[in-house]
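**Student:** prediction below, plus the sequence it came from.
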Amino acid sequence: MELTGAEITIRCLQEEGVEYVFGYPGGAVLFIYDELFKQEQVKHVLVRHEQAAVHAADGYARSTDKVGVALVTSGPGVTNAVTGIATAYLDSIPLVVISGQVPTSFIGEDAFQEVDAVGITRPCVKHNFLVKDAKDIASTLKKAFYLAKSGRPGPVLVDIPKDVSNQKVEFEYPASVHIRSYNPQTNGDINQIKRAAQLLLEAKRPMVYAGGGVILSDASKQLTELVRLLGAPCTNTLMGLGGFPASDKQSLGMLGMHGTYEANMGMQNCDVLLAVGARFDDRVIGNVAHFNSVPRKIIHIDIDPASISKRVKVDVSIVGDVAHVVSDLLAVLNSSKQKPEAAALKDWWKQIAEWRGANSLTYKNSTELIKPQYVIETLHKITHGDAFVTSDVGQHQMWAAQYYKFDQPRRWINSGGLGTMGFGLPAAMGVQLAHPGATVACITGEGSIQMNIQELSTCKQYNLPIKVIALNNRYLGMVRQWQEFFHGNRYSHSYMDALPDFVKLAEAYGHVGILVEKPSDVEGALKEAFARKDDLVFLDFRTDSTENVYPMVPGGKGLSEVILAEDL
Amino acid sequence: MRHIISLLMENESGALSRVAGLFSARGYNIESLNVAPTEDPTMSRMTIVTSGSDEVIEQINKQLNKLVDVVTVMDLTDGDHIERELMLVKVRAAGDDREELKRMTDIFRGRVIDVTDKTYTIELTGTGHKLDRFLQAIDHSLILETVRTGASGIGRGDRILKL
């Protein structure tokens, strides 16, 4: 039977088991929306801005192991989606974004709402397609889902011109997919794995550095087993939080620019470093020359060969899926007669204990001013560390990463690579839809939240009981902090004047708003908010406006050149 | 160091721009780039001449391999290879210059492929170096137009770039 391109598009989504599509209609996607209307299997979530559609699909994907799906119209629909797509690209999140395009006969004529979607998204997608014939829709969408999820995951855009979505052709969904030019490697080279095992067994000061690849590969169980077997300390990147339980005694917490002292000193002083699904990002290792100035052996496990030896030369490279490689590494270690060097490890842990003694994640609580760190700690207590926490970008993001101790993967949802303000609330919508009964908190600031505040309306429409934790310090806090440290206290445009009354704003959208101005009210307010299981509650915490994020490794400095709170 | 990278990619619209975009986005040099379909019309062969440190060249190879449309990549500079470039030069050829230009073309084993009463168009094939030398050898003021393809490369003997 012949179906239209639009029917085929929806049938493909059904075949892929897509539960939710986040989108916004417009001229070029009217046929596709018409087909959405005629069925119930694929549920559509109407956002209020296309950027939010992509972030919501992204939050959905991050908190599950599924591909997130967004649907936008041509022209401004696509350009609005670009920030969301780039956000997913930098963090390797599997998405399929379907965009409408002007009819094929209009392409290139600067038609109404025409933009070169494939061209404009090319640098921020894993791959993209312009479908010029309806008979190619099914195979293209099959490829899109496969590309998005396999190998190093990422967003894939499929651009469908309006006439193609109305063209009738025979439909058959391909059972399998093969792309001759694309063969991601799943299993690591066993000889390299054996070399890695030998290095780790001989290490005097081993260190495990685990990134977002552990989360994406669902490998936290294997990683935890490996770290315990090695008896080594483990640090997680911002993207890798929850990949190894933060409450474990072998956890050194997060590393990098705002990482713990012990994690950064461990990175700098270890003799064998095992990097697992992490990419030696500039925010993670600071100054490359400084990082390389000390001798250590580096083993790097990553699915993307291009991530290996990109910024830092490594001694043993293992290309493969983290879960597979770590399982194989465990098998090699378990079958070896040799055991990790107990005496050396003892000395190493003694050294680490000294660094831990610096107590780098500390702050002076106050009875006058609400300390942002205290809000996060209390949030952790009230939610028993079991919430899904999304975040925007800035100081609040760092405090959330530092003080909400994540013990499980896929619970910490933030824009690490691109650093997209406005990510938190729409991402929380995707998380809440994926986990209807779960506790979802969006930690944000008064700056970030205003970048997608319109989504409070979407939350109302779909009854999403997200708890918005706004750390409102009346400053673009991270900008202000850098201006204080590096720009002579000249607070150029980092002050948020004329803020809205967030309580009234929340109420205007049909939600509950709570203003919290005193430290003594923090716990009570959080309890009240989380007791309201069915309501979105917007908590406006008026926090200390001059609080800074410590520790801090200033940009361009080495990991051991850290500023601690007590240094000032 | 100069490298000549050869690759096979899907003969699809947009594939070229993915490669070109990769080079500009990541700040890699392109000295020249040429591309055309192969005996298998679904595939195109591209030759890129670039330069960079060993680390940069390693990244270029890896990043090219990562592009979904790229089937396979070979750094020809890693082994024995042959490279050729085609150049068309239109020169002002009148009076005594006609004889001199013809002679020089013969010495460089080029051919005059179009003649008018005032111009010659000369075809010349060889390494980029040879083409440079020809341009240096003739009177610069006579050159009206130069068109060069950029290098095409192929491995010697058993070095074969195939699917």
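**Tutor:** Okay, I see it. Residues are numbered from 1 along each chain as shown, chains lettered A, B, ... in the order given.

**Student:** any idea how far residue A:181 lies from chain B?
**Tutor:** Applying Cβ to the nearest Cβ, to the nearest Å, the value for residue A:181 to chain B is 4 Å. C-beta here means a position set from N, CA and C on the backbone, and glycine is covered the same way.

**Student:** then residue A:452?
**Tutor:** To chain B, residue A:452 is 27 Å away according to Cβ to the nearest Cβ.

**Student:** what about that residue, how many residues nearby?
**Tutor:** Residue A:452 has 27 neighbours, counted by other Cβ atoms under 10 Å in any protein chain shown.

**Student:** that one: what's it in contact with?
**Tutor:** Going by Cβ atoms under 8 Å, 6 or more residues apart in numbering or on different chains, residue A:452 touches A:49, A:51, A:52, A:55, A:422, A:423, A:424, A:425, A:426.

**Student:** give me the neighbour count for the residue lying closest to residue A:509 once chain neighbours are set aside.
**Tutor:** With sequence-adjacent residues excluded and distances taken as Cβ to Cβ, 6 or more residues apart in numbering or on different chains, residue A:509 is closest to residue A:456, at 3.9 Å. Number of residues near residue A:456 (other Cβ under 10 Å) recorded here: 22.

**Student:** what helix or strand does residue A:456 sit in?
**Tutor:** helix A:455-461 (DSSP states H and E).

**Student:** what lies in contact with that helix?
**Tutor:** If you take Cβ under 8 Å, 6+ apart as the criterion, helix A:455-461 is touched by A:45-49, A:52, A:56, A:425-426, A:429, A:464, A:466, A:505-506, A:509-511, A:536, A:538.

**Student:** what are the ranges of the strands in the stretch 1-150 of chain A?
**Tutor:** With strands called from DSSP state E, counting those that start in this stretch, the stretch 1-150 of chain A shows them at A:2-4, A:20-23, A:43-46, A:68-72, A:95-101, A:127-130.

**Student:** so what's residue B:71 up against?
**Tutor:** Contacts of residue B:71 by Cβ under 8 Å, 6+ apart are A:180, A:181, B:7, B:8, B:9, B:10, B:43, B:163.

**Student:** so it belongs to a helix, correct?
**Tutor:** No - counting by DSSP: H, G, I helix; E, B strand; the rest coil, residue B:71 is located in no helix; its state is strand.

**Student:** still on that earlier bit, from the contacts of helix A:455-461, which land in helices?
**Tutor:** Judged by DSSP state H, helices contain the following of the contacts of helix A:455-461: A:52, A:56, A:425, A:426, A:429, A:505, A:506.

**Student:** those into TSV, with extra columns for distance to residue A:302?
**Tutor:** Listed next are the ones in helices among the contacts of helix A:455-461 as TSV, based on distance: Cβ to Cβ, whole Å:
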residue	distance to residue A:302
A:52	31
A:56	28
A:425	31
A:426	29
A:429	31
A:505	43
A:506	43
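
**Student:** quick check: the farthest pair among these?
**Tutor:** Spanning the widest gap among the ones in helices among the contacts of helix A:455-461 are A:56 and A:505, at 20.2 Å by Cβ to Cβ.

**Student:** more crowded one of the two?
**Tutor:** Just comparing residue A:56 and residue A:505: by other Cβ under 10 Å the higher neighbour count belongs to residue A:56, 32 against 18.

**Student:** where along chain B do the helices fall?
**Tutor:** Counting by DSSP H, chain B has these helices, from start to end: B:15-25, B:54-66, B:96-107, B:128-137.

**Student:** is the first one anywhere near chain A?
**Tutor:** I take that to be helix B:15-25. Yes - for helix B:15-25 and chain A, the contact criterion (Cβ under 8 Å from any Cβ of the partner chain) is met by B:17, B:18, B:21, B:25.

**Student:** sorry, back to before: export the contacts of residue A:452 as JSON lines, with columns for distance to residue A:309.
**Tutor:** Output for the contacts of residue A:452, formatted as JSON lines (distance: Cβ to Cβ, whole Å):
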{"residue": "A:49", "distance to residue A:309": "40"}
{"residue": "A:51", "distance to residue A:309": "35"}
{"residue": "A:52", "distance to residue A:309": "37"}
{"residue": "A:55", "distance to residue A:309": "32"}
{"residue": "A:422", "distance to residue A:309": "34"}
{"residue": "A:423", "distance to residue A:309": "30"}
{"residue": "A:424", "distance to residue A:309": "34"}
{"residue": "A:425", "distance to residue A:309": "38"}
{"residue": "A:426", "distance to residue A:309": "36"}
